[in-house]
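Novice: Give the three-dimensional model of this entry:
(2 chains)
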Amino acid sequence: MEEPIITVRNLQTFFHLEGRVSKAVDNVSFSVPKGKVICIVGESGCGKSVTALSLLRLVDFPGRIAGGEILFHNRDILKMNTKEIHNLRGDKISMIFQEPMTSLNPVFTIGRQISETLLEHTLCDRKEAWEKGVELIKKVGLPRAEKIMDSYPHELSGGMLQRVMIAIALSCQPELLIADEPTTALDVTIQAQVLDLLRQLRDQSDMSILFITHDLGVVAEIADYVIVMYAGRIIEEAPVTELFRHPRHPYTRGLLKSRPVIGQRRDRLYSIKGQVPDLSELPQGCYFADRCESCMEACRKEYPESVSDAGGHKTACLLYKEGVANGSTTAEDY
Amino acid sequence: MDRPLLKITDLKKYFPVKGGLFGRPVGWVRAVDGVSFEIFRGEAFGLVGESGSGKTTLGQTVLRMHGRTSGQVMFDGLDIHSLPPKEFHKTHTRMQYIFQDPYSSLNPRIRIGDAIAEPLLAHRLATRADVGEQVENILAQCGMAARFMDRYPHEFSGGQRQRIVIARAIALNPEFIVADEPVSSLDVSIQAQIINLFSDLQEERKLTYLFISHDLGIVEHLCSRIAIMYLGSVVELATRSELFLNPIHPYTKALLSAVPIPDPERKRSRIVLNGDIPSPENPPLGCRFHTRCPYAKDICREKVPEFRKVKDHHQVACHLF
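Specialist: Presented below is the predicted three-dimensional model:
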């Protein structure tokens, strides 16, 4: 297998609040291969965004990366000095956020904000940077590129701004694009446009994408490989078709069942009872035990280890401790 | 068929765009521009549209949270917008509104028990003595324990807050509830709980809903008739099965095809629309959708299509059908 672009090992990001420690990300390991889309999916508070921010060391006080390593081409990002990490951000690894409206500076033109990244990371002058900016705007499918370069963020719609954000993120041809809920604030028809664009860009440039979302529908549209997080830990991961065909962890299965799907109406929606545990008072055993329908006594004693089957489908659940044995009892009841 | 509980006729709501030296209106935002439909007693009516389509303004104008520009809203024979204030105050017990964001719809300084008791006391439906008991019952119906009564909103999660907001809305025993994106700020697993609560309450209390949402999956689950709104007007209205099996309007089709489906193996032909929803301040002439419509013809650019019946329980505004 080809060497991955980025490898995360046992990442721990903790928040220290009022004398308590919230384990926002705990023991998370994964890697992103070249030219693939890896999706991290989970609900609010599961640590998916903090994982993304940790990759670029953007976690703010009171958060702190407490342990683990993040290897980018075999160099540990966590050990880089300020200058090295500065050179990495926006150049080799870039990021787009959920709210395009708040990610751009309202007092500068779009053109200036696109050129800024180019001037910072490449050897080009203002004029070249501007021309490159026009090209980028055309590349992300916006009409009247020259006019957009001269406009201010408030003059554009949410979908257009998200395209501008993508253009800025792509300006230095990054190897890895981290997209944190890039379509959540957009309407469905615009979301479809942006997803198409991201897919196209990946195919053209062999860029890898780490895509963070809470929407399993979006995951199915764009992912090659899926990581499901719950309460700061990875509970299941598998290639996309495998995950949707044979979801295993009771949480993943619950999530898939609780979403109404057009054309498959049922009288009553399945719902996972209860709510996400407090990250500073996590139970001793499996974090999902209180909400789980198949909870056993052993589940409350220790956190289950992640077990992988032959196909690379990893599940952190005692039901699958013996590996593949009972892995086939999944898709039927869904 | 029964008499409709709510009948909206050619309702319009324009907001002025102020400009110039003296702040005179220089233009109008046509948020709702000529909408007519009926909602029958006991049904859940879905209103779907993207941001800027005017669905929230419509919901609020129906409950007279702001005045109309023209048109009529008849609620059980009462012309809501012409009622004198005292009469209108009485209708509050019959119609209620649930907002999208449960975080900002509860006063952070008021205990939730008091927040639910307030409308009961204001309308003299309870006395100080028995209000506690009533609040307890209502909370229980919404899946919340009585011990939560003395707590403040910040102690609850988003899903619990939405339950409290729903409890407050049903406290007055209304017949009609406008729910404006009540689950869109919640997590998927919590969404399902709240949607089930909505269906339970509908069954138990024979409620009528105007359910506003951008999520077609949820609307299909909950609503028996659905209207699709685009740029201030309704483009298609049909029963659930009609709309999802035989969508007619190109916008409805595009909307349906854009909804992501959690199945990576299902290949669909997707209609990707170009561009954005135009500004309601300066809507396109003719059919409002023609700027993004893949099938637009000359007539679409000139003439506004009539909203007409194509079959039983199916109305559409499009020149092509």
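Novice: so what's residue A:299 up against?
Specialist: Shown in contact with residue A:299 (Cβ atoms under 8 Å, 6 or more residues apart in numbering or on different chains): A:285-286, A:289, A:292, A:318. In this view, the C-beta of every residue, glycine as well, is placed from N, C-alpha and C.
Novice: any idea which of the residues you listed is closest to residue A:168?
Specialist: residue A:286 (41.2 Å; Cβ to Cβ).
Novice: check which helix or strand covers the closest one.
Specialist: In the assignment (DSSP states H and E), residue A:286 maps to no helix and no strand.
Novice: Count the neighbours of whatever residue of chain B ends up closest to chain A for me.
Specialist: Per Cβ to the nearest Cβ, residue B:260 is where chain B lies closest to chain A, at 3.0 Å. When neighbours are counted by other Cβ atoms under 10 Å in any protein chain shown, residue B:260 registers 21.
Novice: I figured it hits residue A:218, correct?
Specialist: Yes: between residue B:260 and residue A:218 there is a contact at 5.0 Å, judged by Cβ atoms under 8 Å.
Novice: residues touching the residue nearest to residue B:74 when sequence neighbours are not counted, list them.
Specialist: Among residues not flanking residue B:74 along the chain, residue B:7 sits closest, at 4.3 Å (Cβ to Cβ, 6 or more residues apart in numbering or on different chains). By Cβ under 8 Å, 6+ apart, residue B:7 lies in contact with B:38-39, B:72-74.
Novice: can you give me the strands for the chain?
Specialist: All of this is about chain A. A:6-17, A:20-32, A:37-41, A:63-72, A:75-76, A:93-96, A:176-180, A:208-213, A:225-230, A:233-239, A:307-308, A:314-315 (DSSP state E).
Novice: wait, chain B
Specialist: Counting by DSSP E, the strands of chain B are B:4-19, B:24-40, B:44-48, B:70-75, B:78-79, B:95-98, B:176-180, B:208-213, B:225-230, B:233-239, B:308-311, B:314-316.
Novice: ok, and the most crowded of the contacts of residue A:299?
Specialist: Neighbour max across those (other Cβ under 10 Å) = residue A:286, 27 neighbours.
Novice: Looks like that residue contacts residue A:305 (just checking).
Specialist: No: counting by Cβ under 8 Å, residue A:286 does not reach residue A:305; the two are 10.7 Å apart.
Novice: any shared contact partners between these two?
Specialist: residue A:316.
Novice: just to revisit the earlier point, need the residues touching each of residue B:260 and residue A:218.
Specialist: A:191, A:195.
Novice: check contacts around the closest residue to residue A:192 other than its chain neighbours.
Specialist: Nearest non-adjacent residue to residue A:192, counting by Cβ to Cβ, 6+ apart: residue B:258, 4.0 Å away. Applying Cβ under 8 Å, 6+ apart, one finds that residue B:258 lies in contact with A:188-189, A:191-192, B:270-273.
Novice: So which of these are in helices?
Specialist: Among those, the members falling in helices (DSSP state H) are A:188-189, A:191-192.
Novice: Need those residues in a markdown table (columns: pLDDT and neighbour count).
Specialist: Compiled in a markdown table, these are given as follows (pLDDT from 0 to 100; neighbours: other Cβ atoms under 10 Å in any protein chain shown):
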| residue | pLDDT | neighbour count |
| --- | --- | --- |
| A:188 | 87 | 22 |
| A:189 | 86 | 23 |
| A:191 | 89 | 23 |
| A:192 | 89 | 23 |
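Novice: and these as a markdown table, adding distance to residue A:134?
Specialist: Below are the ones in helices among the contacts of residue B:258 laid out as a markdown table (distance: Cβ to Cβ, whole Å):
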| residue | distance to residue A:134 |
| --- | --- |
| A:188 | 29 |
| A:189 | 26 |
| A:191 | 26 |
| A:192 | 26 |
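Novice: Return the member of those nearest to residue B:217.
Specialist: The closest of those, once distances to residue B:217 are taken by Cβ to Cβ, is residue A:188, at 10.4 Å.
Novice: Wait, the closest one touches residue B:50, no?
Specialist: Yes: look at residue A:188 against residue B:50 with Cβ under 8 Å: they come within range, at 7.1 Å.
Novice: can you list residues touching both of these two?
Specialist: Counting by Cβ under 8 Å, 6+ apart, the residues touching both residue A:188 and residue B:50 are B:214, B:255.
Novice: Skipping adjacent residues, who's closest to residue A:181 in space?
Specialist: In space, residue A:181 is closest to residue A:98, 4.0 Å off (Cβ to Cβ, 6+ apart).
Novice: per-residue confidence at the one you found?
Specialist: For residue A:98, the model assigns a pLDDT of 83.
Novice: List the contacts of it.
Specialist: By Cβ under 8 Å, 6+ apart, the neighbours of residue A:98 are A:180-182, A:184-185.
Novice: now residue A:136
Specialist: Residue A:136 touches A:114, A:167-168, A:170-171, counting by Cβ under 8 Å, 6+ apart.
Novice: can I get those residues in a markdown table with neighbour count, distance to residue A:92 and pLDDT?
Specialist: Converted to a markdown table, the contacts of residue A:136 look like this (neighbours: other Cβ atoms under 10 Å in any protein chain shown; distance: Cβ to Cβ, whole Å; pLDDT from 0 to 100):
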| residue | neighbour count | distance to residue A:92 | pLDDT |
| --- | --- | --- | --- |
| A:114 | 24 | 18 | 92 |
| A:167 | 26 | 17 | 92 |
| A:168 | 25 | 15 | 93 |
| A:170 | 20 | 12 | 89 |
| A:171 | 24 | 12 | 90 |
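Novice: And the furthest pair within those residues?
Specialist: Farthest pair in the contacts of residue A:136, by Cβ to Cβ: A:114 and A:170, 9.9 Å.
Novice: Tell me the residues on chain B that lie near chain A, please.
Specialist: B:50-51, B:157, B:159-160, B:187-193, B:195-196, B:199, B:214, B:216-218, B:220-221, B:240, B:244, B:254-265, B:270, B:272-273, B:276-277 (Cβ under 8 Å from any Cβ of the partner chain).
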